[in-house]
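Undergrad: quick one: sequence and predicted model below, then my questions.
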Amino acid sequence: MKVLAGVMACLMVSVGSIGGFVALINNGYISVNNSGSSTEPAFTINKLVGNSQPTSTVSGELTPQEVAKKVIPSVVCIQNYQNTNNSNILYFFNGVPQNGQAGDEVSPASEGSGIIATSDGYIITNAHVVEGASSLKVIMSDGKSYEAKLVGSDNITDLAVIKIEATGLQAAEFGSSSDLEVGDTVMAIGNPGGLELSSSVTQGIVSALNRQITSSDSGYTMDCIQTDTAINPGNSGGALVNMYGQVVGINSSKIVAEGFEGLGFAIPIDDAQSVISNLKEYGYVKDRAVLGITGQYLDSMSARFYGLTPGMYVASINNESVANAGITQGCIITKIDDTEVTNSTTITSYVSKKKPGDKVTLTVVNDLTGKTFTAEVTLVQASGQ
């Protein structure tokens, strides 16, 4: 205990001792929860001890059958009901066809999956699964159904939390996505196609880690787990599980195009934890700063092809401070403060350590005018609502 106290004191003094902190985590002395935030973690993440066995009660790797038996009760089907206006329906009066107005009706619009995070009914899913819902219905693996309410949704990371009034549920066990390696066996559990094919299990491997997937709506880039495990519509919000029966990712998307197959993506659970915790406590993601632009990174080869400067090409602006600084569509951001923009996540990673209201200095090139300038801008809040 004295040695540990001394090590912790050193860690508090020097940022350069971060390697020691990581070592404590990797050796199981510190559990990974919601680092960098005062928000209470919505769930606990279990690290592997010595990269061999988790810190939970699991004694070793499970068979696929054991994983399925353990996790299926913790994965649910979510039905999204929305209002529809049937103003021109056909009905009969005395045998004669008539046009009439039925007004608003509630009908199922889509189906997806969810993961039970707590035994008292908090469930994790994707934001697009619950988007636009007038009401939500949750069907458990045993067929029991509940009405659910939306606790919070974040359209930037595509994560959401819903709640059902129930107790004694079998909550999922969560493992650290940082322990995954390319080639690891994983399983996806969810409801491809909806309730008709509920509790389906597929198996594959981790094809790649830290795949940068950028949202076309928000411009936010996330590092995702790529897997060849079969993921289909309806699997969204379901569990990507390691062979200890621990949820390590939230299945969210796949590439659907001719010539592509086996390219599914999951949000790493380590990245999702802080978002889920904020949604559970506040209903939105608190104190998340963004620059307020959407764009596309141009590497040196692409920039030469278009006759532009390498950097972040600005496609649109939704931050008044950025617009007032003279930055327009088509400008290239080459540096944020003293950090060179060298890839698509440079700005996102840098800003993630800031708070809304903080100021940063951008180095900007306008290739149309040949002008290079610096601009101090204020970061804005992105609640994801």
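TA: Right, received. Where do you want to start?
Undergrad: packing partners of the longest helix seen in the chain?
TA: With secondary structure taken from DSSP state H, the chain has its longest helix at helix 269-282. Other elements packing on helix 269-282 under the criterion 3 or more Cβ pairs under 8 Å, 6 or more residues apart in numbering; DSSP states H and E are strand 45-46, strand 122-125, strand 145-154, strand 159-164, strand 174-175, strand 247-254. All C-beta atoms are positioned from the backbone trio N, CA, C, and that covers glycine.
Undergrad: need these in JSON lines (columns: mean neighbour count and mean pLDDT).
TA: Below are the helices and strands packed on helix 269-282 laid out as JSON lines (neighbours: other Cβ atoms under 10 Å; pLDDT from 0 to 100):
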{"stretch": "strand 45-46", "mean neighbour count": "23", "mean pLDDT": "86"}
{"stretch": "strand 122-125", "mean neighbour count": "28", "mean pLDDT": "95"}
{"stretch": "strand 145-154", "mean neighbour count": "19", "mean pLDDT": "93"}
{"stretch": "strand 159-164", "mean neighbour count": "25", "mean pLDDT": "95"}
{"stretch": "strand 174-175", "mean neighbour count": "27", "mean pLDDT": "94"}
{"stretch": "strand 247-254", "mean neighbour count": "26", "mean pLDDT": "85"}
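Undergrad: and the protein, what are its domains?
TA: 2-54, 64-72+177-282, 75-164, 289-381 (automatic domain parsing).
Undergrad: now N343: closest residue in space that isn't a chain neighbour?
TA: Y297 (6.1 Å; Cβ to Cβ, 6 or more residues apart in numbering).
Undergrad: what's across from the one you found in the sheet?
TA: Beta-bridge pairing for Y297 (DSSP bridges): M312.
Undergrad: that one: what's it in contact with?
TA: Residues near Y297 by Cβ atoms under 8 Å, 6 or more residues apart in numbering: G311, M312, Y313, V341, N343, S344, T346.
Undergrad: distance of it from G132?
TA: Distance of Y297 to G132, computed by Cβ to Cβ, to the nearest Å: 31 Å.
Undergrad: ok, back up a step: quick one: which of the domains of the chain is nearest A171?
TA: A171 lies closest, by Cβ to Cβ, to one member of the domains of the chain: domain 75-164, at 4.9 Å.
Undergrad: just the endpoints, please. Distance across that closest one?
TA: 14 Å (Cα to Cα, to the nearest Å).
Undergrad: where are the low-confidence patches of this protein?
TA: 1-38, 49-59, 85-107, 214-220, 254-261, 385 (pLDDT under 70).
Undergrad: the closest residue to Y146 other than its chain neighbours bridge partners, please.
TA: Nearest residue to Y146 in three dimensions, chain neighbours excluded: I164, at 4.0 Å (Cβ to Cβ, 6+ apart). For I164, the beta-bridge partners are A148 (DSSP bridges).
Undergrad: surely N251 touches L240?
TA: Yes - contact criterion Cβ atoms under 8 Å: N251 and L240 qualify, at 5.5 Å.
Undergrad: now for those two: what residues contact both?
TA: With Cβ under 8 Å, 6+ apart as the test, N251 and L240 both reach A188, A266.
Undergrad: so which residues make contact with the following helix or strand past the longest helix of the chain?
TA: On the C-terminal side of helix 269-282, the closest following helix or strand by DSSP states H and E is strand 289-290. Strand 289-290 is contacted from outside by 156, 220, 319, 351-352, 354-358, 379-382, using Cβ under 8 Å, 6+ apart.
Undergrad: neighbour-wise, which of those leads?
TA: For the contacts of strand 289-290, the largest number of neighbours (other Cβ atoms under 10 Å) sits with A382, at 23 neighbours.
Undergrad: what's the separation between that residue and I293?
TA: 12 Å.
Undergrad: now E196
TA: Separation of E196 from I293 (Cβ to Cβ): 42 Å.
Undergrad: neighbour count: the two, which is higher?
TA: Neighbour count, other Cβ under 10 Å: between E196 and I293, I293 has more, with 23 against 10.
Undergrad: got phi/psi on the more buried one?
TA: phi -130, psi 160 (degrees, to the nearest 10).
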